[in-house]
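S.K.: below: sequence and its predicted model.
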Protein chains: 2
Amino acid sequence: MAPPVAMESQGTAPPNSFSNQGETGGDGGSQKFRVTVVGSGNWGSVAAKLIASNAFKLTSFYDEVRMWVFEETLPSGEKLTDVINRTNENVKYLPGIKLGRNVIADPDLDNAVRDANMLVFVTPHQFMEGICKRLAGKLKQGVEAISLVKGMEVKMEGPCMISSLISEQLKVNCCVLMGANIANEIAVEKFSEATVGYRVNKEIAEKWVQLFNTSYFMVTPVQDVEGVELCGTLKNVVALAAGFVDGLEMGNNTKAAIMRIGLREMRALSKLLFSSVKDSTFFESCGVADLITTCLGGRNRKVAEAFAKNGGKRSFNELEAEMLQGQKLQGVSTAREVYEVLSYRGWLELFPLFATVHEICIGKLPPTAIVEYSEHKPNFSLVEGSAQFF
Amino acid sequence: MAPPVAMESQGTAPPNSFSNQGETGGDGGSQKFRVTVVGSGNWGSVAAKLIASNAFKLTSFYDEVRMWVFEETLPSGEKLTDVINRTNENVKYLPGIKLGRNVIADPDLDNAVRDANMLVFVTPHQFMEGICKRLAGKLKQGVEAISLVKGMEVKMEGPCMISSLISEQLKVNCCVLMGANIANEIAVEKFSEATVGYRVNKEIAEKWVQLFNTSYFMVTPVQDVEGVELCGTLKNVVALAAGFVDGLEMGNNTKAAIMRIGLREMRALSKLLFSSVKDSTFFESCGVADLITTCLGGRNRKVAEAFAKNGGKRSFNELEAEMLQGQKLQGVSTAREVYEVLSYRGWLELFPLFATVHEICIGKLPPTAIVEYSEHKPNFSLVEGSAQFF
């Protein structure tokens, strides 16, 4: 069955780039934008739903929103894309939610991005390098990108930002969108917020806000790509700490203290790594709100709680196998990566919470170490001028 | 029975003021300090315990810590002060916890403060005006004060800070100590933090830190009395909002968003009221951590949850009578006071969350209004230059 609104896109030769001033929308001569979502998991599907409702409503966007789907054959024998296009539901990753009739699932990545001038990346982070390699050189000039991908790697020489990967490999400007975003809660239109981080061009950021913002999903732009993106990764380390406190049954008071110290270390490390990072970013949804959500629910917190309940006697590997069917916790690998950076740069003494989380994860310290005083007093005197970052 | 360490204080003519340079401690000629705690409720008793452990250990303080107790006769017929001095426990307000042998309960306020040069105020806020009137003119020059009193009133012309009341009536410098402090959790030595707000003199702030700080209670000084003190009051309004979200069963995502918006309004209102208030204060224990604790536990949250569960059909008066034996929620009165300030100054449109909480409390809006988009977008254009405060 043909996608319901495909005709418009197939038949009208849409603009191929952001800079195509010849193509105008119905709102008085301004540019018109065509959006493709690269990814179709749980969060990708919710993103497509948000975007589709705005693209349909606003004249500055073409109605059709293409969604690249990594093709799968369902138990029924049907292709996932066919079912999405027939039912308007991602029956595998977001069942029960209508994405909007203007969302077109496309199994062909090259085809899906060909006509777009706004690209939304929302895949597991380990796919991003391959996707970028495949798309390199194939996009027209002036395409704008945004990354919703969480969980970049933190390499010893510094974090490998997904937004930088996209910018460098695809030669495009790349914003990020992060926040306290539990996909299934937003899918049923519960009130939530998010943060768009942008580098220079505020107009582009506002365009992304237009595309994502709804009555139940409030999006705020901030000029701080690195700060916003680092929040989305570092919070998982703090969630492990919060989970340890839960497992030790220390109460809300201690948990709040650990979350606060975690937020402080997130902020200080981000600022030490990128001097452009702003304090105010940590008051945004991507900062304090996402941290709260992740430390109240979330699987990093949950498995860490089980780890502490067992006094650290059952390893994360073992608990992940049992509780997550062998999937790995991002927090555990991020904690290790952060530890390597801190160690490499001589900053271990400045970040006692981050360091302690890793040492608990690998069994070097018991879970109770998370609330030991000596572990939580950063020693600024070891790194000249470091106190200003805290 | 005589208080166990009273002899020392009765017999040695302790210094009557901070500026008494003649009195020196055992640490090489520096001044020696004598502390009195004014108040002996749940939090006051925990404060006395923290202080007593440090006063006993550090040579710059006299061992004895006097605690003024509003005298009561217990069901056994004994006086509360006698039982405290015999057992070292505040059997009524903090049973089961040893306060330290150097804590002396004293039912006579004038006598309790006479020899002190460091005064810790920790009573219900409605008692403070009377206590200040009674003590005015009776303290020696140079006495230092700190207020742990939460719940100052917010009057139309601005907040009536307890620290200002103390400073003005007693002609003393007054710091504040606030934070994520559930008294019973700190009493059993669970890890926690607190913030000391000071005005000018950092040395005095450090002295308070020395007096309160323990291995499980980490205290940080910040130069922002008003910011720290306002946090302790305004958080209760946000806790009502968080409780509404809980009652509506909106999930962690929405709750985190509402808490974040609440923190933003706390920060913006504090800065609009006092230009000296610093953003960084809201990253301290008194800010984000206390907010988290209060929005996870706490009675403001709990009664607000019940209110929303009942769709606002049972009033706060009714629920308070049932759930709190008629005690009143601070959040409800603070929300009303804040509303009056906002209304008086023409700021209602800038603080949609604070305004909505009050309108829900009085039944003008349904509890669901807390998550309605239009309520959460401050209209900066109505007050020139206001955007900078958010």
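M.R.: Perfect, I can see it now.
S.K.: and residue A:104, how many neighbours?
M.R.: Per other Cβ atoms under 10 Å in any protein chain shown, the neighbour tally for residue A:104 reads 26. All C-beta spots, glycine's among them, are computed from the backbone N, C-alpha and C.
S.K.: now residue A:320
M.R.: As a burial measure, residue A:320 scores 18 neighbours (other Cβ under 10 Å).
S.K.: give the contact list for it.
M.R.: Residue A:320 makes contacts with A:303, A:326-329, A:332, as judged by Cβ atoms under 8 Å, 6 or more residues apart in numbering or on different chains.
S.K.: now with 7 Å?
M.R.: A:303, A:326-329 (Cβ atoms under 7 Å, 6 or more residues apart in numbering or on different chains).
S.K.: same deal with residue A:178?
M.R.: By Cβ under 7 Å, 6+ apart, the neighbours of residue A:178 are A:150, A:194-195, A:228-229, A:231-232, A:286, A:290.
S.K.: how about it, phi and psi?
M.R.: phi -140, psi 170 (degrees, to the nearest 10).
S.K.: what two of the contacts of residue A:320 are the furthest from one another?
M.R.: The widest separation within the contacts of residue A:320, taken as Cβ to Cβ, falls between A:303 and A:326 and amounts to 12.2 Å.
S.K.: who's more crowded, those two?
M.R.: In terms of neighbours (other Cβ under 10 Å), residue A:303 is the more surrounded of residue A:303 and residue A:326; the figures are 23 against 9.
S.K.: quick one: contacts of stretch A:305-319?
M.R.: Counting contacts by Cβ under 7 Å, 6+ apart, the residues outside stretch A:305-319 that touch it are A:243-244, A:246-248, A:303, A:323, A:329, A:332, A:360-361, A:363, A:366-367.
S.K.: what about residue A:385, how many neighbours?
M.R.: Using other Cβ under 10 Å: residue A:385 sits among 7 other residues.
S.K.: spatially central residue in chain A, please.
M.R.: Geometric centre of chain A, nearest residue: residue A:150, 3.2 Å, by Cα atoms, centre = their mean.
S.K.: how many neighbours does the spatially closest residue to that residue that is not a sequence neighbour have?
M.R.: Of all residues not flanking residue A:150 in the chain, residue A:232 sits nearest, at 4.4 Å (Cβ to Cβ, 6 or more residues apart in numbering or on different chains). Number of residues near residue A:232 (other Cβ under 10 Å) recorded here: 27.
S.K.: cool, and the one 4 residues further on?
M.R.: Neighbour count for residue A:236, taken as other Cβ under 10 Å: 25.
S.K.: just checking, it touches residue A:300?
M.R.: Yes - Residue A:236 is within contact range of residue A:300, at 5.0 Å (criterion: Cβ atoms under 7 Å).
S.K.: overlap in contacts of these two?
M.R.: A:294, A:330-331.
S.K.: okay, and which of those map to helices?
M.R.: A:294, A:330-331 (DSSP state H).
S.K.: between those, which sits nearest residue A:49?
M.R.: Out of those, the member with the shortest distance to residue A:49 (by Cβ to Cβ) is residue A:294, at 22.3 Å.
S.K.: so who does the closest one touch?
M.R.: A:235-236, A:239, A:300-301.
S.K.: what about residue A:313, how many residues nearby?
M.R.: As a measure of burial, residue A:313 has 11 neighbours, counting by other Cβ under 10 Å.
S.K.: and for residue A:228, the neighbour number?
M.R.: 33.
S.K.: to clarify, my last question referred to residue A:109.
M.R.: Residue A:109 has 17 nearby residues by other Cβ under 10 Å.
S.K.: can you map out the helices along the stretch 51-200 of chain A?
M.R.: A:80-87, A:109-114, A:128-135, A:162-170, A:183-187 (DSSP state H, counting those that start in this stretch).
S.K.: looking at these, which is nearest to chain B?
M.R.: Of all those, helix A:183-187 sits nearest to chain B, with 4.3 Å by Cβ to the nearest Cβ.
S.K.: check which helices and strands that closest one sits against.
M.R.: helix A:42-57 (3 or more Cβ pairs under 7 Å, 6 or more residues apart in numbering or on different chains; DSSP states H and E).
S.K.: ok, now which ones touch the closest residue to chain B within the stretch 51-200 of chain A?
M.R.: Nearest residue of the stretch 51-200 of chain A to chain B: residue A:191, at 3.8 Å (Cβ to the nearest Cβ). Residues near residue A:191 by Cβ under 7 Å, 6+ apart: A:216, B:250, B:254, B:257, B:371.
S.K.: could you rerun that using 10 Å?
M.R.: A:185, A:215-218, B:245, B:248, B:250-251, B:253-255, B:257-258, B:261, B:370-373, B:376 (Cβ atoms under 10 Å, 6 or more residues apart in numbering or on different chains).
S.K.: using CSV, write out every CA atom in stretch A:172-190.
M.R.: What follows is stretch A:172-190, C-alpha atoms only, in CSV (Å, rounded to 0.1, in the frame of the first residue of the first chain):
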residue,chain,number,x,y,z
VAL,A,172,26.9,20.3,8.3
ASN,A,173,26.0,22.4,11.3
CYS,A,174,24.7,20.2,14.1
CYS,A,175,22.5,21.1,17.1
VAL,A,176,21.5,18.7,19.9
LEU,A,177,18.2,18.1,21.7
MET,A,178,18.4,16.6,25.2
GLY,A,179,16.2,16.7,28.3
ALA,A,180,14.1,14.8,30.8
ASN,A,181,12.6,12.7,28.1
ILE,A,182,11.1,9.3,28.9
ALA,A,183,9.8,8.4,25.4
ASN,A,184,6.7,6.5,26.5
GLU,A,185,5.5,9.3,28.8
ILE,A,186,5.9,11.9,26.0
ALA,A,187,4.2,9.5,23.6
VAL,A,188,1.0,9.7,25.7
GLU,A,189,1.4,13.5,25.8
LYS,A,190,2.4,13.9,29.4
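S.K.: pLDDT on it, on average?
M.R.: On average, the pLDDT along stretch A:172-190 is 94.
S.K.: now swap in stretch A:278-287 and tell me
M.R.: pLDDT averaged over stretch A:278-287 gives 97.
S.K.: and that stretch, how far out from the chain's middle?
M.R.: Distance of stretch A:278-287 from its chain centroid, counting by Cα atoms, centre = their mean, to the nearest Å, is 15 Å.
S.K.: buried sites along it?
M.R.: Neighbour counts using 16 or more other Cβ atoms under 10 Å in any protein chain shown place A:278-279, A:281-287 of stretch A:278-287 among the buried residues.
S.K.: once you drop chain neighbours, what's closest to residue A:76?
M.R.: Closest to residue A:76 by Cβ to Cβ, 6+ apart is residue A:83, at 7.9 Å.
S.K.: same question for residue A:50.
M.R.: residue A:212 (5.4 Å).
S.K.: next, count neighbours for the closest residue to chain B within the stretch 1-150 of chain A.
M.R.: Closest contact between the stretch 1-150 of chain A and chain B, by Cβ to the nearest Cβ, is at residue A:46 (11.6 Å). Neighbourhood size, residue A:46 [other Cβ under 10 Å]: 26.
S.K.: about what we covered before: TSV for the helices of the stretch 51-200 of chain A, including distance to residue B:138?
M.R.: Below are the helices of the stretch 51-200 of chain A laid out as TSV (distance: least, Cβ to Cβ, whole Å):
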stretch	distance to residue B:138
helix A:80-87	79
helix A:109-114	79
helix A:128-135	70
helix A:162-170	64
helix A:183-187	58
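S.K.: any idea how far residue A:277 is from residue A:106?
M.R.: 37 Å (Cβ to Cβ, to the nearest Å).
S.K.: which of the contacts of residue A:320 fall within helices?
M.R.: residue A:303.
S.K.: with respect to residue B:73, which of the contacts of residue A:320 is nearest?
M.R.: So of these, ranked by how close each gets to residue B:73 (Cβ to Cβ), first place is residue A:303, at 53.5 Å.
S.K.: which pLDDT does the model give the closest one?
M.R.: Reported pLDDT for residue A:303: 97.
S.K.: separation between it and residue A:296?
M.R.: Distance from residue A:303 to residue A:296, by Cβ to Cβ: 15 Å.
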